[in-house]
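>>> fold the following, please.
(one chain, ligands or ions: 1)
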Amino acid sequence: MVAELLPPERVLMGPGPSNVHPHVLRAMSTPLLGHLDPAFLTIMNETMDLLRKVYQTENKLTIAMSGTGSAGMETVFVNLVEPGDKVIVGVNGLFGTRMVDVAERCGATVVQISAPWGEIIEPQKVKEALDSHPDAKLVAVVHAETSTGVRQPLEKISEIVHNTDALLVCDMVTSLGGCPTEIDKLKIDAAYSGTQKCLSAPPGLAPVTMSDRAVEVMNNRKSKVQSWYLDLSMIVSYWGEERSYHHTAPITMAYSLRESLRLIVNEGVENVYARHALYGEALQQGLEAMGLKLLVNKEHRLHQLTSVCIPEGVNDAKVRSRLLEKYDLEIGGGLGELKGKVWRIGLMGYNARQQNVTLMLSALEDILLEEGASIEQGAALSKANEVLKKCVLV
Ligand SMILES: *Cc1c(COP(=O)(O)O)cnc(C)c1O
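A predicted model of the protein is given here:
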């Protein structure tokens with residue numbers, strides 16, 4: 001006899017996946033529908049409407065691709081890029097390097113704009129790249145760089161890109177549902193995201209949105225999209241009027257996305273952003289009060305993902321495994337060049353609340369003391385409470 005599956009209950013405060021909202025879990029245990037059942041088609045339509053609200057766009061092409069956030073990245077690149085195209089990619093963390101890889105696999109010539117991990121891509125650098133490469137088809141940047149905790153300002157970059165014919169592509173995997181995405185206001189031509197970060201749903205779908213300009217670029221392709229599975233020209237026939245079968249939609253995942261978006265829209269997107277900002281601020285100030293250093297300058301910090309520098313002499317892996325053993329609490333380690341240098345703490349979606357801030361600060365303090373780190377004892381929680389007292393959420 002094989003024992004029934006019974007995973008431990010963890011608090012997932014790493015870079016994703018984050019905890020699933022209980023209502024989302026409940027939605028996932030409702031009965032399956034066929035992928036062409038009229039009741040399911042209604043759910044798809046509702047999901048598109050809700051997605052537009054959360055992405056802050058009127059883009060007609062706003063759908064959820066099957067697959068995790070990376071499938072969203074691949075969707076945008078395989079559909080917009082043809083062999084021989086030139087693309088400019090901002091690289092200031094792991095996900096920038098991944099976009100370079102994906103674009104190169106599409107046959108693109110990639111021009112990289114690099115910045116140190118933990119810093120933003122300076123708009124001036126984008127201007128210089130476009131001046132040197134006026135034939136670039138698109139410029140891609142990561143809005144919320146989960147490997148570092150940097151929030152990339154988009155306004156100036158958008159202006160610069162739209163002074164040319166290039167398209168602006170944004171990785172919004174960790175920003176969607178966590179901070180304003182403003183697709184229409186910022187004239188972002190293509191964006192992709194994932195369900196497992198700030199949407200409080202499990203990994204498995206990749207919300208994608210494309211402007212009319214991006215759709216036109218796709219319609220004018222000379223070559224077939226090299227990926228059959230991710231070819232939007234066929235996928236939109238299923239999401240649109242035609243409703244023709246392409247692949248079987250992951251029905252249960254679609255339920256989870258609809259429910260997670262419903263919760264966000266009902267709370268109000270602005271309230272959701274304010275909640276992330278408030279609890280993120282409380283966590284960050286608490287960590288600093290403990291005597292820990294944060295990787296990113298205050299001005300460019302994300303609230304939903306914080307990179308904390310690991311204090312000298314403290315064992316990275318040991319602290320993370322003690323948090324998991326003693327508190328069922330997961331945080332992330334550093335990636336790439338930040339491996340062993342930072343911890344990444346997520347406060348995403350359902351987890352962006354008071355009890356998670358309190359748990360994180362007190363558990364981390366406890367384990368750091370256990371490990372003999374020299375930190376300020378007892379300061380973190382009172383600092384966090386001070387931040388929370390100053391601001392009341394609606
Ligand atoms: C998590 C993440 C991805 C990849 O998403 P998966 O769900 O792991 O495939 C891409 N970009 C960013 C910024 C991310 O945080």
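
>>> which bits of the stretch 51-200 of the chain sit near the ligand?
Residues of the stretch 51-200 of the chain lying close to the ligand (Cβ under 6 Å from any ligand atom) are 68-70, 73, 95, 142, 144, 146, 171, 173-174, 194, 196. Using the backbone N, CA and C atoms, a C-beta is placed for each residue, glycine as well.

>>> so which of those belong to strands?
Assigned to strands by DSSP state E, the following of those qualify: 142, 144, 171.

>>> tell me how many other residues surround the last one.
Same thing as D171. The number of residues packed near D171 is 28, by other Cβ atoms under 10 Å.

>>> go on, the one 5 residues further on?
Taking other Cβ under 10 Å as the criterion, the count of residues near L176 is 29.

>>> now do the phi/psi pair for it.
Dihedral angles of L176 (phi, psi; degrees, to the nearest 10) stand at phi -60, psi 120.

>>> ok, it - contacts?
By Cβ atoms under 8 Å, 6 or more residues apart in numbering, the contact list for L176 reads 54-55, 191, 193-194, 197-199, 207.

>>> state the distance from the residue in the stretch 151-300 of the chain positioned nearest to the ligand to T195.
Here the stretch 151-300 of the chain gets closest to the ligand at one residue, V173, 3.5 Å apart by Cβ to the nearest ligand atom. From V173 across to T195, the span is 10 Å (Cβ to Cβ, to the nearest Å).

>>> with I188 instead?
In terms of Cβ to Cβ, I188 sits 19 Å off from T195.

>>> picking up where we left off before, tabulate the residues of the stretch 51-200 of the chain next to the ligand (TSV), appending pLDDT and distance to L32.
Output for these, formatted as TSV (pLDDT from 0 to 100; distance: Cβ to Cβ, whole Å):
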residue	pLDDT	distance to L32
T68	98	21
G69	98	24
S70	98	26
M73	98	29
F95	98	33
V142	98	35
A144	98	33
T146	98	32
D171	98	32
V173	98	27
T174	98	30
G194	98	23
Q196	98	21
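
>>> go through these and say which is closest to T30.
Nearest to T30 out of these is Q196 (Cβ to Cβ; 20.1 Å).

>>> number of nearby residues for that closest one?
Q196, neighbours per other Cβ under 10 Å, totals 25.

>>> circling back to that earlier point, is it possible to mark the buried ones in the residues of the stretch 51-200 of the chain next to the ligand?
Taking 16 or more other Cβ atoms under 10 Å as the criterion, what is buried in these is 68-70, 73, 95, 142, 144, 146, 171, 173-174, 194, 196.

>>> show me the helices in the stretch 201-350 of the chain, by range?
212-219, 232-239, 251-267, 269-289, 316-327 (DSSP state H, counting those that start in this stretch).

>>> closest to C179 out of the ones you listed?
That would be, of the helices of the stretch 201-350 of the chain and by Cβ to Cβ, helix 269-289, which comes in at 5.5 Å.

>>> quick one: contacts for whichever residue of the stretch 1-150 of the chain sits closest to the ligand?
The stretch 1-150 of the chain approaches the ligand most closely through G69 (2.5 Å), counting by Cβ to the nearest ligand atom. Residues near G69 by Cβ under 8 Å, 6+ apart: 173, 192-194, 196-197, 203, 206.

>>> now it, nearest residue through space, not along the chain?
G194 (2.8 Å; Cβ to Cβ, 6 or more residues apart in numbering).

>>> next one: phi and psi at the spatially most central residue of the chain?
Residue closest to the average C-alpha location in the chain (Cα atoms, centre = their mean): T174, at 1.6 Å. With angles defined as degrees, to the nearest 10, T174 sits at phi -100, psi -10.

>>> dump the residue contacts of it.
Counting by Cβ under 8 Å, 6+ apart, T174 touches 15-16, 143-146, 197-198, 302, 304-305, 348.

>>> grab the nearest non-local neighbour of it.
Using Cβ to Cβ, 6+ apart, the nearest residue to T174 is A144, at 3.8 Å.
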